[in-house]
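Trainee: mind folding the following:
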Amino acid sequence: MISVRRLLWEAGYRLGIAPWDTGRPIPMLVDAVEGPDGLRPGRALDLGCGTGRNAIYLAGRGWDVCGVDLSGHAVAVGLRRAAAAGVSVRLVQGDVTRLEDMDLGAGFTLLVDSGCYHVVPTGRRGAYAAAVTQVAAPGACLLLYGVGRAPFPGVGTSAAEMRRRFTGWRLVSAEQIPATELRRYIDTRWPFDLALAQRWFDAWRYRLERV
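Mentor: Model (predicted):
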């Protein structure tokens, strides 16, 4: 049975109503990979991979990458983009709270979430945390970007929730993203009013380490 959530994401991608789909990896991932203490290539899992912007970037830098998204259309677009970029990625349609259904294996050293967790229904967030914990290698890094305060019920997260849900992880950092930097996370073809953004929501980047 097709869920309402899946239908909404399918519609968003098919109609081009996806301002987060920038075609570029999220800045916090680039910083983690290319920064002075850059992560070494290993197995990576892109949670809510969309059209593959993070997965394609990582594959181009030597990572073995899997990605999961509810939208079959987004996954198909991502596979075409990966082929055009000359990289190999495994992108599958599925629910990030049910990773055990997808036979992805385990031992992921990097997990990336660029705006997925904060829209997972609150009743499924425990399952999300359990699923990613199960497939993560000891010492794995989880990079998670998402909305904190939001005008929509059931959307958003906080550092306190990160600590409560991800009991098998250590919260390394929780940083609010300045409004001016949000332009790097959102498709600039969409109108983006910084003053309005600051009034209605804030965005955060979290880094966790599997213990």
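
Trainee: got the buried residues for the helix or strand hosting residue 131?
Mentor: Using DSSP states H and E, residue 131 sits in helix 125-135. Buried residues in helix 125-135, counted by 16 or more other Cβ atoms under 10 Å: 125, 127, 128, 129, 130, 131, 132, 133, 135. (Each C-beta comes from the backbone N, C-alpha and C, glycine too.)

Trainee: OK, contacts around the second one?
Mentor: Taking Cβ atoms under 8 Å, 6 or more residues apart in numbering, we find residue 127 in contact with 97, 98.

Trainee: try it again with 6 Å
Mentor: By Cβ atoms under 6 Å, 6 or more residues apart in numbering, residue 127 lies in contact with residue 97.

Trainee: how much space between it and residue 201?
Mentor: For residue 127, the distance to residue 201 equals 25 Å [Cβ to Cβ, to the nearest Å].

Trainee: any stretches of the chain with poor pLDDT?
Mentor: Counting by pLDDT under 70, the chain has low-confidence residues at 1-7, 9-12, 14-15, 150-154, 187-200.

Trainee: host element of the residue nearest to the spatial centre of the chain?
Mentor: In the chain, the residue lying closest to the centroid (Cα atoms, centre = their mean) is residue 113, at 2.0 Å. Per DSSP H and E: residue 113 is located in strand 108-114.

Trainee: who's in contact with that strand?
Mentor: By Cβ under 6 Å, 6+ apart, strand 108-114 touches 26, 29, 42-47, 54, 132, 135-137, 140-145.

Trainee: swap the cut-off to 7 Å and go again
Mentor: 26, 29, 39, 42-48, 54, 132, 135-137, 140-145 (Cβ atoms under 7 Å, 6 or more residues apart in numbering).

Trainee: cool, and stretch 57-65?
Mentor: So stretch 57-65 is contacted by 25, 33, 41-44, 46, 55, 82, 85, 87-90 (Cβ under 7 Å, 6+ apart).

Trainee: so of those residues, which ones are in helices?
Mentor: Using DSSP state H, the subset of the contacts of stretch 57-65 located in helices is 33, 55, 82, 85.
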